[in-house]
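Peer 1: Return atomic coordinates for the entry below.
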Amino acid sequence: MQLASSIRYGGIFVKAADCDYEAYRNLGLICPNCHESVFLVQQHDRHYTKTTKVTSVAAHFNHRPDKSTDAMQECELRVKQITPAEIERRENASRSQRLRLFNRHLWNILQTCYKLKTFDESVILLKSGFKLVAENPNQAQAIFQVYIELLTTIFVNEVPRIHDESEYCVERLIKKTEKEQLVKNESLQFLLAVWRQKIDKKMHIAIYNEVVDCLVQKKHLLILQNLATLGLYNFVCITAICKEKQLPINERLTAYNSLHSQTTNINELVICEVFSNLVDVFCSNNKQAMEAIAAFVRDDVLETIAFTPWAEGFEKFSG
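Peer 2: Sure thing, here's the model as predicted:
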């Protein structure tokens, strides 16, 4: 058979020619007709012992050996009859299934990302920081709220650009993790290994774009605000680490590694200085500084989306 269905991605059809053994293990492949598991046979040359004849065997999927020959032939026949229209229909059904999961479990799935493990603590620390430098608690809350609403609005306005750059964003994250010692987290290491498989990366980019579209819908804006809050907290911490260690702007990844590996304690005075600067940016309506902050937060939100193990989340919450 040339096609199999992927359980992990809502039943989409996968071509044997696009698959390798790593992708086969990750995708959860079954026969589209009988729904039993299948295994991948990669393209290879068949050598005949009694002659010098060599034939090329195309990549294909086989049923398990204990399945009857008649049943396998029935599956082969039915799978061959799958039309491009049926493939498109299955992809649309898969997208609809994911959308239903997003509507019910988007925040729960996002929280499987390692970056959101300390979300509640991050919100508390961010609000406390504004209180330290604002004139009064009311001003602190007002500045915090305006920042999050503004950063969210900027993200919403950039959705077309985000879609255009989605493949580039994932490729850039792969390169970043390859060049730097960013990955210390087992789930993230697995996700990056999966990204290197053609089919998984294609699906991950598609899901990344679907999540962006979901986040900017009115019913999910609170989740987008949560991600923007985390992004602003990370901006404060990384800016403080850069100041304390006197790192240039192009060394932000070093600070990022330090933050997420929990190998550093940030000086409170430096943190206060960063919060003071944020208040100054707000009070002076410094558009250039705000654009820089918004760009950092946007990239941080997109990184959280990209680093979320969506396939595992679908398996966990689709039952």
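Peer 1: how much space between I205 and A142?
Peer 2: For I205, the distance to A142 equals 38 Å [Cβ to Cβ, to the nearest Å]. Backbone N, C-alpha and C define where each C-beta goes, glycine included.
Peer 1: and these two? which has more neighbours close in?
Peer 2: Taking neighbours as other Cβ atoms under 10 Å, I205 and A142 compare with I205 leading, 18 against 14.
Peer 1: Let me see the residues that make contact with the helix or strand encompassing the more buried one.
Peer 2: I205 belongs to helix 198-215 when elements are defined using DSSP states H and E. Applying Cβ atoms under 8 Å, 6 or more residues apart in numbering, the contact partners of helix 198-215 are 6, 9, 12, 14, 18-20, 23, 26-27, 95, 98-99, 102-103, 106, 155, 159, 162-163, 166-167, 169-170, 194-195, 220-221, 223-224, 227, 302, 305-306, 308, 310-311.
Peer 1: and stretch 81-101, what's its mean pLDDT?
Peer 2: For stretch 81-101, the mean pLDDT works out to 88.
Peer 1: could you pull out the helices for this structure?
Peer 2: Using DSSP state H, the helices of the chain run over residues 21-27, 69-80, 84-110, 119-133, 137-157, 159-164, 166-179, 186-195, 198-215, 221-245, 252-260, 268-284, 287-306, 310-317.
Peer 1: what's the distance between the first one and the middle of its chain?
Peer 2: Taking the mean C-alpha point of helix 21-27 and that of its whole chain, the gap between them comes to 18 Å (Cα atoms, centre = their mean, to the nearest Å).
Peer 1: Just checking the distance from the helix holding I205 to the centre of its chain.
Peer 2: 7 Å.
Peer 1: Alpha carbons of it, as CSV, please.
Peer 2: The C-alpha trace of helix 198-215 is given here as CSV (Å, rounded to 0.1, in the frame of the first residue of the first chain):
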residue,chain,number,x,y,z
LYS,A,198,9.6,15.7,6.7
ILE,A,199,5.9,14.8,7.5
ASP,A,200,6.0,15.8,11.2
LYS,A,201,7.6,19.1,10.5
LYS,A,202,5.0,19.8,7.8
MET,A,203,2.2,19.0,10.2
HIS,A,204,3.8,20.9,13.1
ILE,A,205,4.0,24.1,10.9
ALA,A,206,0.4,23.6,9.8
ILE,A,207,-0.7,23.3,13.5
TYR,A,208,1.4,26.3,14.4
ASN,A,209,-0.5,28.4,11.9
GLU,A,210,-3.9,27.0,13.1
VAL,A,211,-3.0,27.8,16.7
VAL,A,212,-2.1,31.4,15.8
ASP,A,213,-5.5,31.8,14.1
CYS,A,214,-7.2,30.4,17.2
LEU,A,215,-5.4,32.6,19.6
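Peer 1: could you check the angle helix 310-317 makes with it?
Peer 2: Here helix 198-215 runs at an angle of 70 degrees relative to helix 310-317 (axes from the mean of the first three to the mean of the last three Cα atoms, to 10 degrees).
Peer 1: I'd like the mean pLDDT over helix 198-215, please.
Peer 2: Helix 198-215 shows a mean pLDDT of 86.
Peer 1: repeat for stretch 29-37
Peer 2: 89.
Peer 1: try stretch 281-298
Peer 2: 89.
Peer 1: what comes up buried for it?
Peer 2: Under the neighbour-count criterion of 16 or more other Cβ atoms under 10 Å, stretch 281-298 has V281, F282, M290, I293, A294, F296, V297, R298 buried.
Peer 1: Same check on stretch 34-51?
Peer 2: Buried positions in stretch 34-51, judged by neighbour count with 16+ other Cβ under 10 Å: C34, V38, L40.
Peer 1: Mind putting the buried residues of stretch 281-298 into CSV with distance to K243?
Peer 2: Shown next, in CSV, are the buried residues of stretch 281-298 (distance: Cβ to Cβ, whole Å):
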residue, distance to K243
V281, 15
F282, 19
M290, 19
I293, 15
A294, 20
F296, 15
V297, 18
R298, 22
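Peer 1: Pick out the most distant pair among the residues you listed.
Peer 2: The most widely separated members of the buried residues of stretch 281-298 are F282 and R298, with 18.2 Å between them, by Cβ to Cβ.
Peer 1: just to revisit the earlier point, return the most buried member of the helices of the chain.
Peer 2: The highest mean neighbour count among the helices of the chain, using mean count of other Cβ atoms under 10 Å, belongs to helix 221-245: a mean of 21.
Peer 1: what separates the residue of the chain positioned farthest from its centre from S56, distance-wise?
Peer 2: Distance from the C-alpha centroid of the chain, by Cα atoms, centre = their mean, peaks at K50 (52.4 Å). K50 is 19 Å from S56, where distance means Cβ to Cβ.
Peer 1: Equivalent analysis for L132, please.
Peer 2: For L132, the distance to S56 - Cβ to Cβ - is 70 Å.
Peer 1: can you check A240 too?
Peer 2: Per Cβ to Cβ, A240 is found 60 Å from S56.
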